[in-house]
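1. Okay, predicted coordinates and the sequence, questions at the end:
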Number of protein chains: 2
Amino acid sequence: MKVIIAGMGSVGRGVAEMISKKGLGLMVTGIADSKSGIINNDGIDLGGVLEKKQKTGYCGDKKISAADVINKADYDVLVEVTPTNATTGEPGLGYIRLAMGRKKHVVTSNKGPIALAYKELKKLAAKNGVALRHEATVGGAIPIFHTIGQGLAGNEILAIFGVLNGTCNFILSRMSDEGLTYEQALLEAREMGYAEADPTYDVQGIDAAIKLVILANTIWGNGVTLNDVNRTGIDLLTPDALRLADDEDCTIRLIAEAIPKKGLLRVSPRIIEKNHPLVVEGTLNAITIQTDMAKEITLIGKGAGSIETASAIIGDLLFIRDRYVERS
Amino acid sequence: MKVIIAGMGSVGRGVAEMISKKGLGLMVTGIADSKSGIINNDGIDLGGVLEKKQKTGYCGDKKISAADVINKADYDVLVEVTPTNATTGEPGLGYIRLAMGRKKHVVTSNKGPIALAYKELKKLAAKNGVALRHEATVGGAIPIFHTIGQGLAGNEILAIFGVLNGTCNFILSRMSDEGLTYEQALLEAREMGYAEADPTYDVQGIDAAIKLVILANTIWGNGVTLNDVNRTGIDLLTPDALRLADDEDCTIRLIAEAIPKKGLLRVSPRIIEKNHPLVVEGTLNAITIQTDMAKEITLIGKGAGSIETASAIIGDLLFIRDRYVERS
């Protein structure tokens, strides 16, 4: 199966590295970053491109754009791993539309296009008879959409509860375990590389809310947007609140919840029993799926990381190979 | 897709009930219990059969055997849910061979045939071009084999750690949380219906070891047997041991471990940090999969129950429908 990769940040490089190392019956025929591109329909030398990218900052030829690669290369699947823009979805959104217009399958880790235009993109995929997979958009390495779509096939999904932001979970874990203030824990998160210079996107629950929107739209197709999420961040939490929770064998976690029958779509700090499966430590993510038959299933794993995210993308690629490409 | 069900215990009834309620594009054309059978190639009235079974103890005609149903009905998949016999695998093993000989797919919840004859059955399935799925044999509702086979496709599985026996986990939870002795906790487990009159199979780790054998053979194809498992039960644990663990913010759980590179295949009570994802309460099951790309992924869910197990079986049925039956 032939694959092109748009985006050569840490995720794109992780995917290229894993395909180079493992093979997996995948051949990469095109690669683009924001400034250059390369096409080779007989298969690109991935080691060479990764080395060039590291040395020069370019993966290919400056005269070849990402759109050129998407429009001209010979491939079955576009791996779209450009940076997330939660307002416009670009450039990923445009790339996905281009590829689907050419009747190519799409795998993406990009939360922007999926949070903003899931319904439109699913329609476009159906019209062109191709797959759109986005396992890597929520929960990093956790195969949440495989679990909902295949592992729990036949179940009605009643609700979702998730710890979807590793930065917040790290800060809350440190406040709870060590009695740190929010500011102290945030500083530590920055020092460890878990928090950005401007942590707003994480600590105000925006990132978790975007992931909740993606989960809700994928599971229930209910067309919700970021504005529909009742959202409270963790930046006003005091060590006192965590001490009070601790007195009851509880702790506080930033929980994203969707319960369609109650019209509930919320991201907020919640008091939760310490031995609840959702209470995970550090930067881990956790998602509980409530269903009619299996009851509660919880998945825990790394919510970020280059190779961890590549794992989710490769799972999607092999799913497409087994369901679509081998069949035709 | 046409389905027959061999076995009308709590799992078989759960499957029939869920297909009756949900449809799911599945038609049941044959049902057998240990004493009777029914065939209707136009679709059995499941409500009627479930009522008859409850009132009379028979699901069908005493002149029709399970082998008759398997040999004569028109179907795509046998759902084999007869009781587990860990020594001979019968009668399930024979039923599975019969159905595969007729080029029928098989879904089973029966640990006996899978623990004893996985290699032979996989060969037979390949020879006949059919699927053998056994999601329900390990972890109840937890879709562990879907996760390993599809969700984590492309990953190398390095090790498995599991809390695979709900009875033991309930007893250890009670000893840890309430300071009960083993005998007190076992009594409570019996009163709640979580432990058999003879609890040997559970508390000596035999059930967990069988599930570990199934996991290891499915993942690595290494042909291990129950005799290869280094096994210690929980029946000699004292409250003192749990108190000592508690002093270090740890607890004790019966952990099944498989690490092929170390030649390790073991079921034993292990000291484990309380905030480790594998530390679940009561009768829950939990499984941690260690891989090269996704790193550690943990799944938690109900390890038993009629409808929970039916969930796993229906997931397998829909997998077969999507991968095999729709394709042909």
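-> Thanks, I have it. Numbers count the residues shown, from 1 in each chain, chains lettered A, B, ... in the order given.
2. and A:G221, backbone torsions?
-> phi 50, psi 40 (degrees, to the nearest 10).
3. From B:R266, how far off is it?
-> Distance, A:G221 to B:R266, using C-beta to C-beta, to the nearest Å: 45 Å. Any C-beta I mention is one placed from the backbone N, CA and C, and that applies to glycine too.
4. Compare those two (neighbour count), which wins?
-> When neighbours are counted by other C-beta atoms under 10 Å in any protein chain shown, A:G221 and B:R266 differ, and B:R266 comes out ahead with 19 against 11.
5. Identify the spatial nearest neighbour of that one, chain neighbours not counted.
-> B:N230 (4.3 Å; C-beta to C-beta, 6 or more residues apart in numbering or on different chains).
6. same question, A:N285
-> A:G303 (3.3 Å).
7. How about the contacts made by A:Y75?
-> Counting by C-beta atoms under 8 Å, 6 or more residues apart in numbering or on different chains, A:Y75 touches A:2-4, A:29-30, A:104.
8. ah, wrong one, I meant A:T218
-> Neighbours of A:T218 in contact, by C-beta under 8 Å, 6+ apart: A:118, A:134, A:145, A:148.
9. and the spatially most central residue of chain A, backbone torsions?
-> Central residue check for chain A by C-alpha atoms, centre = their mean: the C-alpha nearest the mean position is that of A:T137, 1.8 Å away. Phi and psi for A:T137, reported as degrees, to the nearest 10, are phi -70, psi -20.
10. Run through the residues that contact it.
-> A:108-111, A:114, A:211, A:214.
11. Check the gap between it and chain B for me.
-> 15 Å (C-beta to the nearest C-beta, to the nearest Å).
12. tally of neighbours for A:T291?
-> Neighbours of A:T291 using other C-beta under 10 Å come to 20.
13. Next one: it from A:L158, what distance?
-> A:T291 is 6 Å from A:L158, by C-beta to C-beta.
14. circling back to that earlier point, among the contacts of A:T218, name the ones in helices.
-> Members of the contacts of A:T218 lying in helices (criterion: DSSP state H): A:118, A:145.
15. for the contacts of A:T218, which one is nearest chain B?
-> A:F145 (8.6 Å; C-beta to the nearest C-beta).
16. OK, contacts around the closest one?
-> Counting by C-beta under 8 Å, 6+ apart, the residues that A:F145 touches are A:133-135, A:138, A:218.
17. about what we covered before: local confidence estimate at the residue nearest to B:R266?
-> According to the prediction, B:N230 has pLDDT 98.
18. was I right about it contacting B:L265?
-> Yes. With contacts counted by C-beta atoms under 8 Å, B:N230 reaches B:L265, the gap being 6.5 Å.
19. Who has more neighbours out of these two?
-> Using other C-beta under 10 Å as the criterion, B:N230 and B:L265 rank with B:L265 on top: 23 against 12.
20. The more buried one in helix, strand or coil?
-> Secondary structure state of B:L265, per DSSP: H, G, I helix; E, B strand; the rest coil, is strand.
21. if I look at it, how far off is chain A?
-> 24 Å.
22. Run through the residues that contact that residue.
-> So B:L265 contacts B:212-213, B:216, B:224, B:228-230, B:257-258 (C-beta under 8 Å, 6+ apart).
23. and the contacts of A:T218 as TSV, adding distance to B:I38?
-> Formatted as TSV, those follow (distance: C-beta to C-beta, whole Å):
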residue	distance to B:I38
A:Y118	45
A:H134	45
A:F145	39
A:I148	35
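24. Out of the contacts of A:T218, which is nearest to B:D316?
-> Nearest to B:D316 among the contacts of A:T218 is A:I148, at 16.0 Å by C-beta to C-beta.
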